[in-house]
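K.L.:
Sequence and computational prediction follow.
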Amino acid sequence: MEAQLALRPAPASPLRSPAPLTPAQQRYGLLPMPDLAWTPAVERATAHLYDKVRDVIPSVEWPFFAPYVKAINELKAQRGAVILAHNYQTPEIFHCVADVVGDSLQLARRAAEAEQDIIVQCGVHFMAETSKLLSPDKTVLIPDSRAGCSLAASITGADVRLLKQRYPGVPVVTYVNSSADVKAETDICCTSSNAVQVVESLGVDRVIFLPDEYLGQYVQSQTRVRLILWKGHCEVHERFTGAELRAYREADPSIQIIAHPECPPDVLAEADFTGSTAHMIDWVKSRQPRRVVMVTECSMADNVAAEAPRVEFVRPCNLCPHMKRITLPKILDSLVNMREEVLIDPAIAERARLPIERMVNLKA
Ligand code: 13P
Ligand code: SF4
């Protein structure tokens, strides 16, 4: 018997209407995508920037980056935008298109002071939210809003409300690596560079410290204030082990080990210095060690290596997959199409702003 082919008409495709414009797109409009060809003119215009990164970006890769670098720098000026980049951004972003680089505290301060109306945040989502909270009238863009953080994802506002019921009257100190929802339930925020100072600023003998358990344990080792901790962890820093660091030291007893306080305690026990990303960078630049292991996200070693050619970096390479979502093509797309705009529910924003402002206003 002959097979019968049942030919059914394809379902009618609904006509797709273009996505509605966001407030930022309506306000600033969209621009045409610039030409991204690698030409002698692009090579000449970006030569001074390539000089900054030639030790960490091979010359065969520069023809891919350079047209984006030139286009982003031109569009940034045309839009009147400022680019803030965290220390974990890759060198072509950190050294070639960013206007301000730093750790979470430095970026939060600079966002608050920025004169420009448009902030492009090259970092993860909580950093962009922090900028928006501190600059509610500015347009804050993040090149990829999926750039999250395992610490921020480890706790919700409802969790904090339960903790406050369990420990009535105990103030809540929250690491900036958290959502606006969580900040809205918080008394004061902290970063890894000011956590001890913030905890002690409250003048109490007990605080709820959220959400990073390892940062909390590190702070606990530096203060008499008792910390009630949450079991949030950074998926990048929790992968380091003390055994791995002991092996480096056995191979070279003069090696210097510097670590971020999001690392587990057995890792920090091996470290010659513990500090925020900015404090780690300052430590390397001022001490100029012969060989150093930077126990943190590995793009940071590339960024410092570009400026400290005499230091040899040992790089256990743990990348933050969220930070790595930010790329030059996505930054360009942000400036061309004014996306992705960070918007926060005004009722949450009003409460979430206070703990960040309290932190930023603390005297250094
Ligand atoms: P810093 O504030 O030290 O830059 O840390 C932010 C962060 O997310 C580290 O993983
Ligand atoms: Fe979050 Fe860790 Fe990535 Fe920092 S390195 S953004 S703490 S996941």
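P.N.:
Thanks, I have the structure now. Ligands and ions are numbered 1, 2, ... in the order given.

K.L.:
hey, let's count contacts and neighbours off CA atoms from now on
P.N.:
Fine.

K.L.:
what's the neighbour count on the residue nearest to P261 when sequence neighbours are not counted?
P.N.:
For P261, the nearest residue in space outside its immediate sequence neighbours is L215; the separation is 5.2 Å by Cα to Cα, 6 or more residues apart in numbering. Using other Cα atoms under 10 Å as the criterion, L215 is surrounded by 27 other residues.

K.L.:
show me the contacts for L215.
P.N.:
Neighbour list for L215: S192, P261, E262, C263 [criterion: Cα atoms under 8 Å, 6 or more residues apart in numbering].

K.L.:
Which element is encountered next along the chain beyond the worst-scoring helix or strand of the chain on mean pLDDT?
P.N.:
In the chain, no helix or strand scores lower on mean pLDDT, DSSP states H and E than helix 104-113, which sits at a mean of 88. The C-terminal neighbour of helix 104-113 among helices and strands, as given by DSSP states H and E, is strand 118-122.

K.L.:
What are the boundaries of the strands in the protein?
P.N.:
In the chain, strands defined by DSSP state E lie at 81-86, 100-102, 118-122, 139-141, 172-175, 188-190, 206-210, 226-229, 256-259, 273-274, 291-295, 312-314, listed in chain order.

K.L.:
Reformat the contacts of L215 as JSON lines; add neighbour count and distance to G157.
P.N.:
Formatted as JSON lines, the contacts of L215 follow (neighbours: other Cα atoms under 10 Å; distance: Cα to Cα, whole Å):
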{"residue": "S192", "neighbour count": "25", "distance to G157": "21"}
{"residue": "P261", "neighbour count": "26", "distance to G157": "24"}
{"residue": "E262", "neighbour count": "28", "distance to G157": "22"}
{"residue": "C263", "neighbour count": "29", "distance to G157": "25"}
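
K.L.:
so which residue of the stretch 251-364 of the chain comes closest to ligand 2?
P.N.:
With Cα to the nearest ligand atom as the measure, the residue in the stretch 251-364 of the chain that lies nearest ligand 2 is C320; the distance is 4.6 Å.

K.L.:
same deal with the stretch 151-300 of the chain?
P.N.:
Shortest the stretch 151-300 of the chain-to-ligand 2 distance, computed as Cα to the nearest ligand atom: residue-wise this is C234, at 4.1 Å.
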